[in-house]
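K.L.:
give me coordinates for this.
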Amino acid sequence: MAAAREPLVHHELCFGCGRANLFGLMAELARTAPGEVAGRCFIKQDHQGADRGTAHDGVLAAALCEAMALAAGPDARLTGVEVSFEGPAPVGVFLELGVRLDDAGLRATATASAEGNPVASATGTLTRR
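P.N.:
You can find the predicted model right below:
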């Protein structure tokens, strides 16, 4: 039997991963391998953007930033992010997230897909505290 993956969280009110922030993403992320994180968040009606029925681009960027920050760990901080939007993420579906850190842990690459379709990707630079 595989060991249960422990969820990664900042704190309960965090917009990205907090369980008590009802307007947040409530992302469920876990470490899948050293330097890798995967999980999901649900795109709610409250996350809509200008195109009715699809997620706001800022929500997608926030989800990618949250995943990269959790992958990097508590001794790291994102200092720069570049996001590419590849397609719409419909409201009412899970956004699947994945992150991989480079060997030095100073650069992260993240992807987001909805219903099997890529919707956004990002690269982030990190600094260690």
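
K.L.:
R100 and R107: what is the separation?
P.N.:
Distance, R100 to R107, by C-beta to C-beta, to the nearest Å: 9 Å. In this view, the C-beta of every residue, glycine as well, is placed from N, C-alpha and C.

K.L.:
hmm, I typed the wrong one, I wanted A89.
P.N.:
24 Å.

K.L.:
contacts for the biggest strand by length in the chain, please.
P.N.:
Ranked by residue count, the top strand of the chain under DSSP state E comes out as strand 117-128. Contacts to strand 117-128, defined as C-beta atoms under 8 Å, 6 or more residues apart in numbering, come from residues 55, 57, 60-61, 64-65, 68, 72, 75-89, 95, 101, 105-113.

K.L.:
now with 7 Å?
P.N.:
60, 64, 68, 72, 75-89, 105-113 (C-beta atoms under 7 Å, 6 or more residues apart in numbering).

K.L.:
buried ones among the residues you listed?
P.N.:
For those, a neighbour count by 16 or more other C-beta atoms under 10 Å gives the buried set as 60, 64, 68, 72, 76, 78, 81, 83, 88-89, 105, 107-113.

K.L.:
name the element L95 belongs to?
P.N.:
Here L95, judged by DSSP states H and E, is contained in strand 94-101.

K.L.:
next: T79.
P.N.:
Using DSSP H and E, the element containing T79 is strand 76-85.

K.L.:
T32 and F23, how far apart?
P.N.:
Distance from T32 to F23, counting by C-beta to C-beta: 28 Å.

K.L.:
hmm, back to that, what is the mean pLDDT for the strand holding L95?
P.N.:
Strand 94-101 comes out with an average pLDDT of 98.

K.L.:
that concludes my questions; thank you for your assistance.
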